[in-house]
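> got a sequence here, can you build the structure:
(one chain, ligands or ions: 1)
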Amino acid sequence: MKKYNFNAGPSMLPREVIENTAKQILDFNGSGLSLAEISHRAKDFQPVVDEAEALIKELLDMPKDYSVIFLGGGASLEFCMVPYNFLEKKAAYLNTGTWAKKALKEAKLFGEVVEVASSADANYTYIPKGWTCPADVDYLHITTNNTIYGTEIRKDLDVPVPMIADMSSDIFSRPVDVSKYNCIYAGAQKNLSMAGVTVVIIKNDALGKVSRQIPTMLDYRTHVDKGSMFNTPPVVPIYCALENLRWIKKNGGLEATDKRARERADILYTEIDRNKLFHGTVATEDRSVMNICFVMNEEYADLEKPFLDYAISNGMVGIKGHRSVGGFRASCYNAQTVEGVQALVKCMKDFEAQH
Ligand SMILES: *Cc1c(COP(=O)(O)O)cnc(C)c1O
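Numbering: from 1, shown residues only. Predicted coordinates:
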């Protein structure tokens, strides 16, 4: 039976990206050696990093004075590296979910943190509105897509200070005005690659503004200066990212990933709103097009487990909701297909008809 992968992360990648990466793991560029057993300093590998970097710059139409680096440690390490490198006195954080809260917690180790707004009061079911960002902070940190709760800030905000964004779960799913950000980071395992690499985009002149000493490995400057080659970078995940970036470009770039994401989300939310068994869990205007969360209507609560079993038996993978929300979550990252979403919708319709 065909499987439809809705995993929240690590998550679905285009089949050709997996296949091309697998080929290089068996035989890298016809060298007779595996991609997994060559030096990151081999002359064949440098072009991989160079091309991945160039494609990121091209796809995001990045201004010239920015750098792209590839790090290990996941987005979670950036929660610490961001304030280490950019927080001199005070920073603002928008608290929109579990990951935002974790980022905020780390920042408090480095200086004063202003929580500009929070939706914790309603289990993060909406994006706070009507707040203002103080003008005297070093940066405003936001989480553009809240992977667990299924809300999203799908635009570049207007605030009086530079932004820093965790875009782990929606990077490369829409065009972004990079000039509004001092730093953008993303663990790769949702929208870009296999787990193991984190992409960090940095405005060059935003570095070097803090007075504290920064340990070498945690200093962005180290990695910018050495082109991600200060130590051994995650070679295979970077290669896989390159294949995916090529795939994104070939399929129309970020205008196209944006259009496809909206199209998929529209199909699924339309069914959630129509189907008598289900309802969405977040404010309609803040619905994520990446992580689509829904639960059983109260009168059908006892059908939750049966629906999950039914969906699984029809090839759906990874649609159980996160424990903080319950119900179901269908993650629809860049590789997700309209066909996959339609298959899930068919399950929902067929199950409704049986009850
Ligand atoms: C998954 C996720 C993280 C954590 O990423 P790791 O790479 O596991 O550290 C952080 N932020 C967001 C928005 C995420 O979706």
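> longest single helix anywhere in this structure?
Longest helix in the chain by number of residues (criterion: DSSP state H): helix 253-274.
> so for the helix or strand that it is followed by, mean pLDDT?
Counting by DSSP states H and E, the element after helix 253-274 in chain order, helix or strand, is strand 278-280. The pLDDT scores in strand 278-280 average 98.
> next structured bit after strand 278-280?
Sequence-wise, the next helix or strand downstream of strand 278-280 (DSSP H and E) is strand 291-296.
> returning to what we had before: and the longest helix of the chain, what does it pack against?
strand 278-280, strand 291-296, helix 338-354 (3 or more Cβ pairs under 8 Å, 6 or more residues apart in numbering; DSSP states H and E). No exception for glycine: its C-beta is placed from N, CA and C like everyone else's.
> where does residue 159 sit: helix, strand or coil?
coil (DSSP: H, G, I helix; E, B strand; the rest coil).
> does the closest residue to it other than its chain neighbours sit in a helix, a strand or a coil?
Excluding the flanking residues, the one nearest residue 159 by Cβ to Cβ, 6 or more residues apart in numbering is residue 133, at 4.3 Å. Assigned state for residue 133: coil (three-state reduction, three-state DSSP).
> dump the residue contacts of residue 133.
Residue 133 makes contacts with 92, 116, 140, 159-161, as judged by Cβ atoms under 8 Å, 6 or more residues apart in numbering.
> check residue 227 too.
Applying Cβ under 8 Å, 6+ apart to residue 227 gives the contacts 49, 69.
> can you confirm it is in a strand?
No. Using three-state DSSP, the assignment for residue 227 is coil, not a strand.
> let me know the secondary structure of the residue positioned nearest the centre of the chain.
Most central in the chain under Cα atoms, centre = their mean is residue 169, positioned 1.8 Å from the mean C-alpha point. Secondary structure for residue 169, judged by three-state DSSP, is coil.
> pLDDT wise, what is the closest residue to the ligand within the stretch 251-355 of the chain at?
The nearest approach of the stretch 251-355 of the chain to the ligand comes at residue 291, 8.4 Å away (Cβ to the nearest ligand atom). With respect to pLDDT, residue 291 scores 98.
> what's the answer for the one 3 residues further on, then?
Residue 294 carries a pLDDT score of 98 in this model.
> up against the ligand, what does the protein have?
Residues of the chain found near the ligand (Cβ under 6 Å from any ligand atom) are 9, 74-76, 99, 143, 147, 166, 168-169, 187, 190.
> how about those residues in TSV, adding secondary structure and pLDDT?
Output for the residues of the chain next to the ligand, formatted as TSV (DSSP: H, G, I helix; E, B strand; the rest coil; pLDDT from 0 to 100):
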residue	secondary structure	pLDDT
9	coil	97
74	helix	97
75	helix	98
76	helix	98
99	helix	98
143	strand	98
147	coil	98
166	strand	98
168	coil	98
169	coil	98
187	strand	98
190	coil	97
